[in-house]
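Undergrad: Need the 3D shape of this:
(one chain, ligands or ions: 2)
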Amino acid sequence: MEQKALDPLFIQQSFVLPGEYDTFQSINNGHINTTYRMHFTNADGKAEEYVVQKINTNVFRDPDALMQNIVGVTTHLQKKIAARGGDVLRETLNFLPAKDGKYYVRDDSGDCWRCYRHVGGVYTCNTIESETVFYNAGEAFGAFQNELADYPGETLAETIPNFHNTASRFADFERAVKEDAAGRAASVADEIAFVRAREADTHVLIDLLASGELPVRVTHNDTKLNNILFDEKTNKGICIIDLDTVMPGLALYDFGDSIRFGANTASEDEKDVSKVSLSLPLYEAYTRGYLKSAGTSLTAQEIEYLPFSAKLMTYECGMRFLTDYLNGDTYFKTAYPEHNLVRCHTQFALVRDMEQKMDDMRAVTARAAAEAK
Ligand code: GN1
Ligand code: MG
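TA: Residues are numbered from 1 along each chain as shown. Ligands and ions are numbered 1, 2, ... in the order given. Below you'll find the model as predicted:
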């Protein structure tokens, strides 16, 4: 897809960005929005940086509701951070209002842009080897959930309806197979069979939600490792980013998605699937960190389903990549024609490995839960 580049002048005219503009660079991290960093120099010679994002309005169709959610959540977090004596400018995102008071601007071609302060002295990771840092990731997402526990969920717009409703994702997948828009269905018969063989799993969590056995919480819903900023000095996960999908959901969605991405021994688009596996030491580290900070607020039922949620979120994501491949790559950004299929393969290889290791994952979870009590 041809991307229109950032126009620095338009951004400067739309937001109040102090200092002298120097340059911008493109940040290639997410599969949905397009991200840049703009560099300025202050009057005193100090560097000042801003992150500017073009919102993908094919995915987020209502940017007003989207930004209302995000600013509501970050304002809530800022109050909590200030109350515990934290650093409001580093421990959550600080969005800048545009000159018209809205938290995004629309350009002449209809594209929507938003801007937040860059957080310095941090790093992000796409894969991880350090159990300590992954423990810190678990702790950070657990703390995020706790700090939003008293946020009024009913005020949050559903930015993407049925986002983690796996049964509804399965229906989308079957529609894509039937329509076969890109003429690829025949070539992915094995992958289609893989998804269908596990259809029963798609109902498990939503049934428990419907029967009231699992509580609705305010969740992040996109808890990829690269959505945490780690402090360069302490290695602690200090700031959770990518707040587009903060919505009422299940704690299990957040836990499962973190494991899917971070406890994989390979990256999400590794072409050699023999490198893909679930690292039990990483699984254990994250679970311990997460349960330490979120544990007391979780129910026994939630803890019981943690290992299953990791498998379900991996399956769901693989199914979404396959669906997009069948649809002709209309949703996720891709760098080459088979990219979504490669991603689907890593996810399915990980599902298979988790199925083998499910008993171990259960044992590790029980141990971590006992430790967190
Ligand atoms: C997308 O935007 P990004 O790259 O953080 C997607 C997630 C998927 C993820 C897979 C809004 O996340 O749901 O799990 O790709 N976000 C949206 O890497 O669909
Ligand atoms: Mg995202």
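Undergrad: Let me see the domain layout of the chain.
TA: 2-120, 131-372 (automatic domain parsing).
Undergrad: Please name the nearest non-neighbouring residue to Glu232.
TA: Gly121 (5.0 Å; C-beta to C-beta, 6 or more residues apart in numbering). Every residue, glycine included, has its C-beta placed from N, CA and C.
Undergrad: and that neighbour, how many neighbours?
TA: Neighbourhood size, Gly121 [other C-beta atoms under 10 Å]: 12.
Undergrad: wouldn't Asp244 be in contact with Asp222 here?
TA: Yes: between Asp244 and Asp222 a contact is recorded at 7.1 Å, counting by C-beta atoms under 8 Å.
Undergrad: just to revisit the earlier point, pick the most buried one from the domains of the chain.
TA: domain 131-372 (a mean of 19; mean count of other C-beta atoms under 10 Å).
Undergrad: how far does it stretch from start to finish?
TA: One end of domain 131-372 to the other measures 17 Å (C-alpha to C-alpha, to the nearest Å).
Undergrad: Check stretch 213-229 too.
TA: Terminal residues of stretch 213-229 lie 33 Å apart, using C-alpha to C-alpha.
Undergrad: For ligand 1, what is the nearest residue in the stretch 251-373 of the chain?
TA: Distances between the stretch 251-373 of the chain and ligand 1 by C-beta to the nearest ligand atom are smallest at Cys317, namely 5.0 Å.
Undergrad: In contact with the closest residue to that residue other than its chain neighbours, which residues?
TA: Nearest-residue entry for Cys317: Gln347, 5.3 Å, with adjacent residues in sequence omitted and distances by C-beta to C-beta, 6+ apart. By C-beta atoms under 8 Å, 6 or more residues apart in numbering, the contact list for Gln347 reads 260, 268, 314-315, 317-318, 321.
Undergrad: which pair in the residues you listed spans the largest distance?
TA: Glu268 and Tyr315 (14.2 Å; C-beta to C-beta).
Undergrad: coming back round to it: in CSV, list the contacts of Gln347 along with secondary structure, pLDDT and distance to ligand 2.
TA: Formatted as CSV, the contacts of Gln347 follow (DSSP: H, G, I helix; E, B strand; the rest coil; pLDDT from 0 to 100; distance: C-beta to the ion, whole Å):
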residue, secondary structure, pLDDT, distance to ligand 2
Arg260, helix, 98, 14
Glu268, coil, 97, 13
Thr314, helix, 99, 17
Tyr315, helix, 99, 19
Cys317, helix, 99, 12
Gly318, helix, 99, 17
Phe321, helix, 99, 14
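Undergrad: closest to Asn69 among these?
TA: Using C-beta to C-beta, Cys317 is the member of the contacts of Gln347 that lies nearest Asn69, at 22.2 Å.
Undergrad: That closest one and Pro161, how far apart?
TA: 18 Å (C-beta to C-beta, to the nearest Å).
Undergrad: re the thing from before, in three-state terms, label the residue nearest to Cys317 for me.
TA: State at Gln347, reduced to three classes by DSSP: H, G, I helix; E, B strand; the rest coil: helix.
Undergrad: got it, and the one 10 residues further on?
TA: Using three-state DSSP, the structure places Lys357 in helix.
Undergrad: how about it, what does it touch?
TA: Contacts for Lys357 (C-beta under 8 Å, 6+ apart) come out as 278, 280.
Undergrad: measure the closest residue in space to Lys236 that isn't next to it in sequence to Lys333 for me?
TA: Excluding the flanking residues, the one nearest Lys236 by C-beta to C-beta, 6+ apart is Asn136, at 5.2 Å. Asn136 is 28 Å from Lys333, where distance means C-beta to C-beta.
Undergrad: where are the low-confidence patches of this structure?
TA: Scanning the chain for pLDDT under 70 picks out the ranges 1-4.
Undergrad: where does it come near ligand 1, residue by residue?
TA: By the criterion of C-beta under 6 Å from any ligand atom, the positions of the chain lying close to ligand 1 are 30-32, 59, 222, 224, 242, 244-245, 268, 317.
Undergrad: Quick check: which element contains the most centrally placed residue in the chain?
TA: Against the mean C-alpha coordinate of the chain, by C-alpha atoms, centre = their mean, the closest residue is Asp222 at 2.1 Å. Using DSSP states H and E, Asp222 sits in no helix or strand.
Undergrad: what residues are up against the residue lying closest to it once chain neighbours are set aside?
TA: Among residues not flanking Asp222 along the chain, Thr245 sits closest, at 4.8 Å (C-beta to C-beta, 6+ apart). Listed by C-beta under 8 Å, 6+ apart, the contact partners of Thr245 are 159-160, 163, 220-222.
Undergrad: Those residues into TSV, with extra columns for distance to ligand 2?
TA: Listed next are the contacts of Thr245 as TSV, based on distance: C-beta to the ion, whole Å:
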residue	distance to ligand 2
Thr159	11
Ile160	10
Phe163	11
His220	10
Asn221	9
Asp222	4
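Undergrad: what's near enough to touch the residue nearest to Thr124 when sequence neighbours are not counted?
TA: Residue nearest to Thr124 in three dimensions, not counting chain neighbours: Asn226, with 4.9 Å by C-beta to C-beta, 6+ apart. Under the criterion of C-beta under 8 Å, 6+ apart, the neighbours of Asn226 are 29, 124-126, 261.
Undergrad: What about ligand 2: which of those residues touch it?
TA: Counting by C-beta under 5 Å from the ion, nothing from the contacts of Asn226 sits close to ligand 2.
Undergrad: Let's have the residues you listed in CSV, adding secondary structure.
TA: CSV is the format used below for the contacts of Asn226 (three-state DSSP):
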residue, secondary structure
Asn29, coil
Thr124, coil
Cys125, coil
Asn126, coil
Phe261, helix
